[in-house]
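1. Build the 3D model from these lines:
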Amino acid sequence: GPNASVSAARLGLSSALFSYVGDDDNGKSCLKELQKNRVDTRYVHTEEGKKTNYHYVLWYDVDRTILIKHEEFSYDLGKIDKPKWIYLTSLSEHSAEFHTHIEDYLEKNLEVKLAFQPGTFQMKMGTKVLSKIYKNTEIFFCNVEEAQKILNIASRDLPALLRAVAELGPKIVVITDGFAGAYAYDSKSGASWLIPIYPHTPFERTGAGDAFGSTIVSALALGKPLEEALMWGPVNSMAVVLQVGAQKGLLTREKLEDYLIKAPKDFVLKKL
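-> Numbering: from 1, shown residues only. Purely as a prediction, here's the structure:
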């Protein structure tokens with residue numbers, strides 16, 4: 001969530017984060033970093049007596065594993081200003097009831113579009129528990145292995161995975177496949193695409209998926225057509241993995257568009 005909010009702010013959008021932190025030094029540091037990146041923090045709640053979530057990244061070569069532990073916060077959506085988009089991503093195993101607040105909000109505010117990039121515990125909750133979230137999703141993001149878990153199937157047939165996820169409700173489905181690129185499916189038009197990676201040699205891949213998905217959503221929020229938005233994602237993802245951490249490499253719109261202008265001729269969206 002914080003990665004997506006910073007990504008959107010760097011690209012020139014008005015971005016706010018709804019989240020919880022503890023009343024500790026880590027929580028204060030998180031707030032300062034968000035504010036430094038021009039993210040509206042009015043919906044970042046500081047809860048007394050709780051510790052801010054702290055995750056550990058095990059980094060080997062260019063890949064990493066993240067050890068996740070969530071604090072149990074008092075989740076409550078309350079009253080929020082109506083955004084054009086909500087980017088819903090990783091929440092804790094204690095947040096099932098909070099998802100019903102989000103479902104109710106979406107069904108009462110049909111003009112608000114939802115981007116959904118499920119985290120570990122949201123995938124464990126299953127599609128039945130989160131059925132209304134899936135049905136109200138405008139655009140959905142995951143990787144191949146996550147799609148297999150969500151659907152409980154072993155197949156790596158990308159066209160089949162895309163359509164199976166779309167049957168859960170999302171209008172647009174994007175599934176990433178590492179260095180092989182990503183695949184997208186628009187259920188409204190029936191069109192599918194292969195999205196290439198922007199050529200690079202990665203240094204550390206934490207935040208690549210967050211940058212990819214949030215940049216596509218930011219482009220859509222800026223009024224870009226889907227095919228153009230899909231080409232924005234790999235550029236910011238590339239920039240992030242050249243740095244350590246999930247936010248340092250996130251680009252401004254000006255720098256991102258410069259990369260697109262200078263892109264190799266083979267960096268093209270392929271219709272399937």
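
2. pLDDT wise, what is residue 145 at?
-> Per-residue confidence at residue 145 stands at 96 (pLDDT).

3. Point me to the helix or strand that includes it.
-> Here residue 145, judged by DSSP states H and E, is contained in helix 144-151.

4. Kindly format the C-alpha coordinates of that helix as CSV.
-> Extracted C-alpha coordinates of helix 144-151, given in CSV (Å, rounded to 0.1, in the frame of the first residue of the first chain):
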residue,chain,number,x,y,z
VAL,A,144,1.7,-16.7,-12.2
GLU,A,145,2.3,-18.7,-8.9
GLU,A,146,-0.2,-16.5,-7.1
ALA,A,147,-2.8,-17.1,-9.8
GLN,A,148,-2.3,-20.8,-9.4
LYS,A,149,-2.8,-20.5,-5.6
ILE,A,150,-5.9,-18.3,-6.0
LEU,A,151,-7.5,-20.7,-8.5
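
5. what's it in contact with?
-> 118, 123, 127, 142, 154-156, 158, 161, 164-165, 175-177 (CB atoms under 8 Å, 6 or more residues apart in numbering). For every residue, glycine as well, the C-beta is placed using N, CA and C.

6. At which residues are the helices of the chain located?
-> Taking DSSP state H as the test, the helices found in the chain are 2-10, 25-36, 96-108, 120-125, 131-135, 144-151, 158-166, 208-221, 226-241, 253-261.

7. circling back: how far does the helix holding residue 145 sit from its chain's centre?
-> 16 Å (CA atoms, centre = their mean, to the nearest Å).

8. just stretch 220-237 next, same as before
-> Its chain's C-alpha centre and that of stretch 220-237 lie 13 Å apart, by CA atoms, centre = their mean.

9. Could you pull up the mean pLDDT of it?
-> 97.

10. What residues of it count as buried?
-> For stretch 220-237, the buried set under the neighbour-count rule, 16 or more other CB atoms under 10 Å, comprises 220-221, 226, 229-237.

11. List the buried residues for the least confident helix or strand in the chain by mean pLDDT?
-> Ranked by mean pLDDT, DSSP states H and E, the helix or strand of the chain with the weakest confidence is strand 63-67, at a mean of 82. Neighbour counts over strand 63-67 (16+ other CB under 10 Å) mark no residue as buried.

12. what lines up beside that strand in the sheet?
-> Note on strand 63-67: by DSSP bridges, its sheet partners are strand 56-60 (antiparallel).

13. what's in contact with the strand it pairs with?
-> Here strand 56-60 has contacts from 64-67, 204, 206, using CB under 8 Å, 6+ apart.

14. Export only the CA atoms of it, formatted as PDB.
-> Taking only C-alpha atoms (Å, rounded to 0.1, in the frame of the first residue of the first chain), the coordinates of strand 56-60 have been written out as PDB:
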ATOM      1  CA  TYR A  56      12.200  -8.700   6.900                       C
ATOM      2  CA  VAL A  57      13.600  -9.100   3.400                       C
ATOM      3  CA  LEU A  58      16.000 -12.000   2.800                       C
ATOM      4  CA  TRP A  59      18.000 -10.900  -0.200                       C
ATOM      5  CA  TYR A  60      20.000 -13.400  -2.300                       C
END
